[in-house]
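Asks: Quick check, what structure comes out for this input:
(one chain, ligands or ions: 1)
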Amino acid sequence: MSTVAVPATLQDAIRYFADLDHCTEILAASRWPDGVRCPMCGNPKLTFIKARRIWQCNAGHRDRKQFSVKVGTIFEDSPLGLDKWFTAAWMVANCKNGVSSYEIHRAIGVTQKTAWFMDHRIRLAMQSGTFEKVAVESLRQTNLLSGASPETCTRTKRPRSQARAGPEKRS
Ligand SMILES: [Zn+2]
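Replies: Sure thing, here's the model as predicted:
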């Protein structure tokens, strides 16, 4: 897989993440840099079922021998595709002044409630630096999930000036 180039604008991001095969590759490469392994037994001998974008472990255990790239991540229990998740994550990461759930809702076509939930979950993942669910669970234990996030928007200064191309706010 080639180096992941970060999309510069929202339009680029939507196009970049539109391909679910591509999204699967990105997440797999990030989670298993040395090659995909079965989350149940660690076996690297897997069959990839391309049509369903899942792997099947060939080690012979009966339970959970098939898994997707979402297993064990904050995306696992969500019916939304990684195309929407990654675009939303791009928006959260690239917003200088904070992206609103309304903007996410407009950009990726989910309800505003869903957008709020995604925004919240993505920010927690960014605070912990990983999309793995374990990190979210440990955050939950420290009560970060029970109330408002300590920072409503992490205003990280980015060295590169990235054009913010979110949908324009209309008043
Ligand atoms: Zn296995």
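Asks: only C-alpha atoms for contact and neighbour calcs from this point on.
Replies: Noted.
Asks: Would you indicate which residues of stretch 10-23 are buried?
Replies: In terms of neighbour count (16 or more other Cα atoms under 10 Å), stretch 10-23 has its buried residues at 10, 13-14, 16-18, 23.
Asks: Also stretch 25-45?
Replies: Across stretch 25-45, burial judged by 16+ other Cα under 10 Å covers 26-28, 31, 36-39.
Asks: helix/strand/coil for A93?
Replies: Taken by DSSP: H, G, I helix; E, B strand; the rest coil, the conformation at A93 corresponds to helix.
Asks: whoops, I mixed them up, S78
Replies: Look at S78: counting by three-state DSSP, its state is coil.
Asks: Which ones among the buried residues of stretch 25-45 also lie next to the ion?
Replies: Filtering these for proximity to the ion by Cα under 5 Å from the ion leaves C38.
Asks: which ones among the buried residues of stretch 25-45 are found in helices?
Replies: Per DSSP state H, helices hold the following members of these: 26-28, 31.
Asks: could you dump those residues to TSV with distance to K45 and pLDDT?
Replies: Formatted as TSV, these follow (distance: Cα to Cα, whole Å; pLDDT from 0 to 100):
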residue	distance to K45	pLDDT
I26	20	91
L27	19	92
A28	15	93
R31	16	91
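Asks: picking that back up, where helices are concerned, which of the buried residues of stretch 10-23 count?
Replies: Secondary structure assignment by DSSP H places 10, 13-14, 16, 23 of the buried residues of stretch 10-23 in helices.
Asks: Please tell me how far the longest helix belonging to the chain is from the chain's geometric centre.
Replies: Using DSSP H, we find that the single longest helix of the chain is helix 112-128. Relative to its chain's centre, helix 112-128 lies at 10 Å (Cα atoms, centre = their mean, to the nearest Å).
Asks: Going by contacts, tell me the helices and strands next to it.
Replies: Contacts defined by 3 or more Cα pairs under 8 Å, 6 or more residues apart in numbering; DSSP states H and E place helix 112-128 against helix 82-94, helix 101-108, helix 133-141.
Asks: Now do the phi/psi pair for the closest residue to A125 other than its chain neighbours.
Replies: In space, and not counting its chain neighbours, A125 is closest to F131: 5.4 Å by Cα to Cα, 6 or more residues apart in numbering. For F131, the backbone dihedrals (degrees, to the nearest 10) come out as phi -90, psi 0.
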